[in-house]
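J.: whatever this is, show me its structure:
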Amino acid sequence: MSTTYGTFPGSRPRRLRTSPAMRRMVAETRLHPADLILPAFVREGISTPVPITSMPGVVQHTRDTLRKAAVEALEAGVSGIMLFGVPEESKKDAAGTAGTDPDGILQVAIRDVRAEVGDDLVIMSDLCLDEFTDHGHCGVLDAAGRVDNDATLERYAEMAQVQADAGVHVVGPSGMMDGQVGVIRDALDQTGHEDVSVLAYTAKYASAFYGPFREAVGSSLQGDRKSYQQDPANTRESMRELALDLAEGADMVMVKPALPYLDILAKVAEAVDVPVAAYQISGEYAMVEAAAANGWIDRDRAIMETLTSVKRAGADMILTYWATEAARQL
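T.: Okay, here's the model as predicted:
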């Protein structure tokens, strides 16, 4: 039998895919439990956790179950926990005063978790008014019903102080007000909290994927947030926001959502020398869980594939509701 040489490929990339051991050895992107941050909701006035129907497996925690979740995340190797407070409906008002009450649910939760895990788990807090306002917007409103940027900054400065007083390690201003990072940094420094870090929500888009989160925090929102969150069509705007946040003193920056904005995440990661986070948000979580529940996708593989894609795009840290589960698998 004769053989004709030169008709087959000399370069065979498949040689590096021949076995699990080979694929593991040459993998370019590696997930680690320390890459992950767990977002968690704590609700005032409940005695048992309340399931979030649009986010199967995620709950509104009691104070006790939140402490347990923090310990479980720590034991799994997760680096941080991002706390969101859900006040009693009767405590919401136009100014979101429960958000600056030292005994408000978020501040109480910060103290609870800090007492439970100390400095072993990085405790982060959502610094925004939307959970606490009766109108559901991320700031206070002016006479015309529009979000008043500068009046809101004054409220954010107060929030930063009370959250830092409660023992938070990192504040995450998510309201997308102009100048928020600088005002918060000044408020922290002037009140003796120089060591508290600021994770800037640098590119937070007005996304359709926030729907389940609104249920998670019991949002009272009427209308939308397009006048302050970013237009999904824009890229240059994100880079301008990035430059402003860095100039104002951001210690870390974030892109939110993650999967629909991997291109933005890659641009941000390439441009900066500070840690970059991405938030795999509620709608991203819900889509995978819903498709898996219908038998349309392999749930575990989809989770790891999405997380890997976010890491590959440049995220140093990923906020994900699968953080503890994924860390255990890793």
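
J.: tell me which residues touch Tyr156, please.
T.: By CB atoms under 8 Å, 6 or more residues apart in numbering, the contact list for Tyr156 reads 127, 129, 173, 175, 177, 180, 183-184, 187. Glycine gets a C-beta too; all of them are placed from N, C-alpha and C.

J.: where does it fall, secondary structure wise?
T.: When elements are assigned from DSSP states H and E, Tyr156 belongs to helix 149-166.

J.: ditto for Phe41
T.: Take DSSP H and E as the rule and Phe41 turns out to sit in strand 36-43.

J.: just checking, what packs against that strand?
T.: The contact analysis (3 or more CB pairs under 8 Å, 6 or more residues apart in numbering; DSSP states H and E) places strand 36-43 against strand 59-61, helix 63-76, strand 80-86, helix 105-117, strand 317-319, helix 323-329.

J.: could I get these in a markdown table, plus columns for mean pLDDT and mean neighbour count?
T.: Compiled in a markdown table, the helices and strands packed on strand 36-43 are given as follows (pLDDT from 0 to 100; neighbours: other CB atoms under 10 Å):
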| stretch | mean pLDDT | mean neighbour count |
| --- | --- | --- |
| strand 59-61 | 96 | 22 |
| helix 63-76 | 98 | 18 |
| strand 80-86 | 96 | 24 |
| helix 105-117 | 97 | 21 |
| strand 317-319 | 98 | 23 |
| helix 323-329 | 97 | 20 |
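
J.: redo these as TSV? Include distance to Gly10.
T.: Putting the helices and strands packed on strand 36-43 into TSV (distance: least, CB to CB, whole Å) gives the following:
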stretch	distance to Gly10
strand 59-61	56
helix 63-76	45
strand 80-86	48
helix 105-117	55
strand 317-319	39
helix 323-329	38
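
J.: dig out what the residue nearest to Pro49 when sequence neighbours are not counted forms beta bridges with.
T.: Nearest residue to Pro49, sequence neighbours excluded (CB to CB, 6 or more residues apart in numbering): Val59, at 3.9 Å. Taking DSSP bridges as the rule, Val59 bridges to Pro51.

J.: can you show me the strands along this protein?
T.: Secondary structure of the chain (DSSP state E): strands at 36-43, 50-51, 59-61, 80-86, 122-127, 170-173, 197-204, 252-256, 276-279, 317-319.

J.: low-scoring stretches of the stretch 151-300 of the chain, by residue?
T.: 217-224, 226 (pLDDT under 70).

J.: check contacts around Ile52.
T.: Going by CB under 8 Å, 6+ apart, the list of residues near Ile52 reads 41, 58-60, 212, 215-216.

J.: between the residues you listed, which is closest to Lys267?
T.: When the contacts of Ile52 are ranked by distance to Lys267 (CB to CB), Pro212 comes first, at 27.2 Å.

J.: can you report how many residues lie near the closest residue to Gly283 other than its chain neighbours?
T.: Distances taken as CB to CB, 6+ apart place Phe209 nearest to Gly283, at 2.9 Å, with adjacent residues excluded. Per other CB atoms under 10 Å, the neighbour tally for Phe209 reads 20.

J.: Phe209 contacts Ala258, correct?
T.: No: under the criterion of CB atoms under 8 Å, Phe209 is not in contact with Ala258, lying 9.5 Å apart.

J.: state the distance from Gln180 to Ala70.
T.: Gln180 is 27 Å from Ala70, where distance means CB to CB, to the nearest Å.

J.: check Ala98 too.
T.: Ala98 sits 22 Å away from Ala70 when distances are taken as CB to CB.

J.: same deal with Thr308?
T.: Thr308 is 25 Å from Ala70, by CB to CB.

J.: burial count for Asp195?
T.: Around Asp195 there are 8 residues (other CB under 10 Å).

J.: phi, psi of it?
T.: phi -90, psi -10 (degrees, to the nearest 10).

J.: and for Ile52?
T.: Main-chain dihedrals, Ile52, degrees, to the nearest 10: phi -100, psi 110.

J.: report the angle between the helix holding Tyr156 and strand 122-127.
T.: Taking axes from the mean of the first three to the mean of the last three CA atoms, to 10 degrees, one finds that helix 149-166 is oriented at 150 degrees with respect to strand 122-127.

J.: what comes up buried for helix 149-166?
T.: Neighbour-count burial for helix 149-166 flags 149, 152-153, 155-157, 159-166 (criterion: 16 or more other CB atoms under 10 Å).

J.: now swap in stretch 279-298 and tell me
T.: Under 16+ other CB under 10 Å, the buried positions of stretch 279-298 are 279-289, 292, 297.
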